[in-house]
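S.K.: Provided below for reference: sequence and predicted model.
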Amino acid sequence: MTLLETISGPRDLDALSPEQLEQLAREVREYLVASVSKTGGHLGPNLGVVELTIAIHRVFDSPRDAIVFDTGHQSYVHKLLTGRRDLSSLRTTGGLAGYPQRSESVHDVVESSHASSSLSWADGISKAFEMTGQGDRHVVAVVGDGALTGGMTWEALNNISDDNTRNLVVIVNDNGRSYAPTIGGMARFLSSVRTRPSYRSLHESSSRAFDKLGSPGRAFYRGVRGGLHGFLSRFSGNEALYSNLDIKYIGPVDGHDEHAVEAALRQAKSYGAPVIVHAITEKGRGYEPARRDAADQFHAVGQIDPETGESLETSSAPSWTGVFADELVSLAEQNPRLVGITAAMLRPTGLHRMAERFPSRVFDVGIAEQHAATSAAGLAFGGLHPVVAVYATFINRAFDQVLMDVALHKAGVTFVLDRAGVTGPDGPSHHGVWDLSILQVVPGIRIAAPRDSVRLVEELGEAVAVDDAPTVLRFPKGTVGTEYDAVRRLDDGVDVLAESERKDVLLVTVGPMAGIGLEVAQRLEAQGIGATVVDPRWVVPVPRSVVDLSAEYRIVVSIEDGIRVGGIGTRIRQDLREAGVDTAVTEIGLPDEFLDHGSRGDILERVGLTPQHIARDVTAMVLGSKLPHARNAGADLPAGSSPQQRV
Ligand SMILES: Cc1ncc(C[n+]2csc(CCOP(=O)(O)OP(=O)(O)O)c2C)c(N)n1
Ligand SMILES: CC(=O)[C@@H](O)[C@H](O)COP(=O)(O)O
Ligand SMILES: [Mg+2]
């Protein structure tokens, strides 16, 4: 039996000797490589927090003490030590989540994978503990150097200071990388601190000395420390950031020396006010294929050969990201005004290809989507045309900036939203399902949803040609599918993909839902129901021809890979009513609920976003309701139709 097999919860760690702790760390790493190489997941980040997580659970008493993991992708070790030793179902339908999940364990606190929120969580939890007579409970936030580049962390730090007695420990898990090396002044500060040996030895000895004197010593130490930081900062040329924020700082400590981390955490735990512990770690630690991976040190891997690290998932089909990446380079070669912006995801969004070709025209702003959007408005003001490439779920972060900085000023900024729609294994906070609903309320915005790679190329070119309004292009995760040629294109750019003599059903499909729409049309035709399929290409504003066409049909059915509430279907409904067209409308889309992790196919099946479900329901609506012909249609469909439909 391995040591890891004896760990059923954090308290089982207490009796382990230093040698056993080292053995446990080895076993955890071996298990992570063996298991995650099969399931895929965040192998690199978790290999980097083995000793750190062991130390956290030895020093603090979860769940009485709250442990918050920023972004949560580095919580596999935490799961292993809190009673979930079998990670074989990781990120699969019905299996373990790839992030903390309260339904799995009382030890899990924050489920969102959106970065830079942990310090705000910790600030709130520690205030609540103190205000409810639970001031002896500790809160620990584990935040990466990448997450520290997100604005929320600085809003939280501004509220966290050591002039209070809250038991809050912030562990900076500093491996120097997000995917790529972390950018900006923060990264330079952390790098300077972790590489200054004089600071390191002097700091550890002095803080130990004063801590022995108890709280008066600590107060005195704080005074000295502030002076020390100030003194050293003159030499180092770096403002000692945290002391100027008036928060005690301990470190840097070797994040792979479990004993040293424990010592630092015990010191922090006993301090009686917020403390920052700066741990230096290495992403991919202990696994050569990850350590030497220059791209992102195995930040997120698919199935790999555990021996070599080679990917076992080879696909010859181009990815949506790849098509975008290549076309952007081509456009940038023709248009010197084009610049790219990424929020610490250069390679995942495909901007690395433009960066390779035009290094001075691509900016990595860190995990800072809000800043990215407003900086883009500034770039546009200066005469450039920025292309901001983010995952669809992360544009949520920058809604106000898109609205009040980009759109209000009619700035020509193009937002490219990758991973739009149901993504799958990364769970509820990673599905890109809200962008259509939240962005379509932005005055003047134009949103395109390419149905295939040909339209992606076409619509990207159209988007970057717009210099007086925000434009948005959204496409899904993974490889591009079938190309769907149009039967004909209407004057305002709407593509007719299939046309029926009988004007029963008009299917308006958003993006790659075109494939599902065409299959639904075939199924309806087999029932004797005439179905026409159109792809607006640009879905916001709704093209006039969609409104005009709708008047000829008995029912309009919109199909979108986004939440139904506030989606394109509701926009169509509103536009029809405003135009006096009273054709019945049914919106097919995702429910307004958080969708658990799983395969994309499983999730779409579960919510009924499949040709079978849709055809069945539309058939029932048309045959069952005896809908009057569109010209004098007025009756809504019967109440109680299936959940996907809103009439
Ligand atoms: C708001 C937001 N933007 C982008 C991402 C994508 N993302 C996931 S992990 C990661 C890098 C995190 O770096 P760091 O905080 O240093 O953690 P590490 O992986 O190094 O442990 C990014 C950019 C995200 N989760 N949230
Ligand atoms: C945690 C995070 O936000 C990303 O690392 C995400 O897991 C990557 O998702 P993709 O695999 O779709 O790039
Ligand atoms: Mg990092």
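M.R.: Cool, got the structure. Numbering: from 1, shown residues only. Ligands and ions are numbered 1, 2, ... in the order given.
S.K.: which stretches of the chain have low pLDDT?
M.R.: Along the chain, segments meeting pLDDT under 70 span 162-163, 193-244, 625-647.
S.K.: just the strands from the stretch 101-250 of the chain, written as ranges.
M.R.: 139-144, 168-174, 248-254 (DSSP state E, counting those that start in this stretch).
S.K.: nope, the stretch 351-500 of the chain is what I meant
M.R.: 362-364, 385-391, 414-418, 446-448, 471-474, 488-489, 495-498.
S.K.: thinking again about what came up before, distance to D535 and mean neighbour count for the strands of the stretch 101-250 of the chain - can I get that in a markdown table?
M.R.: Quick note: C-beta positions are derived from backbone N, CA and C, even for glycine. Formatted as a markdown table, the strands of the stretch 101-250 of the chain follow (distance: least, CB to CB, whole Å; neighbours: other CB atoms under 10 Å):
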| stretch | distance to D535 | mean neighbour count |
| --- | --- | --- |
| strand 139-144 | 41 | 28 |
| strand 168-174 | 45 | 29 |
| strand 248-254 | 54 | 24 |
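S.K.: output the strands of the stretch 351-500 of the chain as CSV; include the columns mean neighbour count and distance to Q101.
M.R.: Shown next, in CSV, are those (neighbours: other CB atoms under 10 Å; distance: least, CB to CB, whole Å):
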stretch, mean neighbour count, distance to Q101
strand 362-364, 23, 30
strand 385-391, 27, 20
strand 414-418, 27, 25
strand 446-448, 24, 32
strand 471-474, 27, 27
strand 488-489, 11, 46
strand 495-498, 19, 40
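S.K.: so which of the ones you listed gets nearest ligand 2?
M.R.: strand 385-391 (7.1 Å; CB to the nearest ligand atom).
S.K.: how close does the closest residue to T281 other than its chain neighbours get to ligand 3?
M.R.: Excluding the flanking residues, the one nearest T281 by CB to CB, 6 or more residues apart in numbering is G255, at 3.6 Å. If you measure G255 against ligand 3 using CB to the ion, to the nearest Å, the figure is 11 Å.
S.K.: again with V416
M.R.: 24 Å.
S.K.: quick one, what contacts that residue?
M.R.: By CB atoms under 8 Å, 6 or more residues apart in numbering, the contact list for V416 reads F324, T349, V387, V388, A389, V390, L460, V472, L473, R474.
S.K.: who's the closest spatial neighbour of the fifth one, skipping the chain neighbours?
M.R.: Leaving aside its sequence neighbours, A389 sits nearest to T349 (CB to CB, 6+ apart; 3.9 Å).
S.K.: how about A290?
M.R.: A290 sits nearest to G284 (CB to CB, 6+ apart), 2.8 Å away.
S.K.: and what of G424?
M.R.: In space, and not counting its chain neighbours, G424 is closest to R600: 4.2 Å by CB to CB, 6+ apart.
S.K.: got it, and D535?
M.R.: D495 is the one closest to D535 (CB to CB, 6+ apart), at 4.5 Å.
S.K.: show me what the one you found is bridged to.
M.R.: Under DSSP bridges, the beta-bridge partners of D495 are R489, D535.
S.K.: pretty sure it sits against A486.
M.R.: Yes. Between D495 and A486 there is a contact under CB atoms under 8 Å: 3.7 Å.
S.K.: now the common contact residues for the two.
M.R.: D535.
S.K.: residue contacts, the residue nearest to D535?
M.R.: Neighbours of D495 in contact, by CB under 8 Å, 6+ apart: R451, A486, R488, R489, V534, D535, P536, R537.
S.K.: from L436, how far out is T570?
M.R.: 10 Å (CB to CB, to the nearest Å).
S.K.: between those two, tell me which one has more neighbours.
M.R.: Neighbours were counted for T570 and for L436 using other CB atoms under 10 Å; L436 has more, 32 against 19.
S.K.: if we can go back for a sec, could the strands of the stretch 101-250 of the chain go into CSV alongside distance to L16?
M.R.: Output for the strands of the stretch 101-250 of the chain, formatted as CSV (distance: least, CB to CB, whole Å):
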stretch, distance to L16
strand 139-144, 20
strand 168-174, 20
strand 248-254, 19
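S.K.: quick one: closest of those to E587.
M.R.: strand 139-144 (39.2 Å; CB to CB).
S.K.: pull up the pairing partners for the longest strand anywhere in the chain, direction included.
M.R.: Longest strand of the chain, by residue count under DSSP state E: strand 555-563. Looking at strand 555-563 with DSSP bridges, its partner strands are strand 505-509 (parallel), strand 584-590 (parallel).
S.K.: quickly list the domain ranges of the protein.
M.R.: Annotated domains of the chain cover 3-292, 320-474, 490-623 [the TED database].
S.K.: one step back: surely the residue nearest to G424 touches T423?
M.R.: Yes. Using CB under 8 Å, R600 is in contact with T423, at 6.8 Å.
S.K.: who's more crowded, the two?
M.R.: More neighbours surround T423 than the other of R600 and T423, with 23 against 18 (other CB under 10 Å).
S.K.: go ahead and confirm E525 touches A531.
M.R.: Yes. Using CB under 8 Å, E525 is in contact with A531, at 6.1 Å.
S.K.: neighbour-wise, which of those two wins?
M.R.: The residue with more neighbours, out of E525 and A531 and counting by other CB under 10 Å, is A531; that gives 28 against 17.
S.K.: regarding the nearest residue to G350 once chain neighbours are set aside, what is its secondary structure?
M.R.: Of all residues not flanking G350 in the chain, A325 sits nearest, at 3.1 Å (CB to CB, 6+ apart). Under the three-state scheme (DSSP: H, G, I helix; E, B strand; the rest coil), A325 adopts helix.
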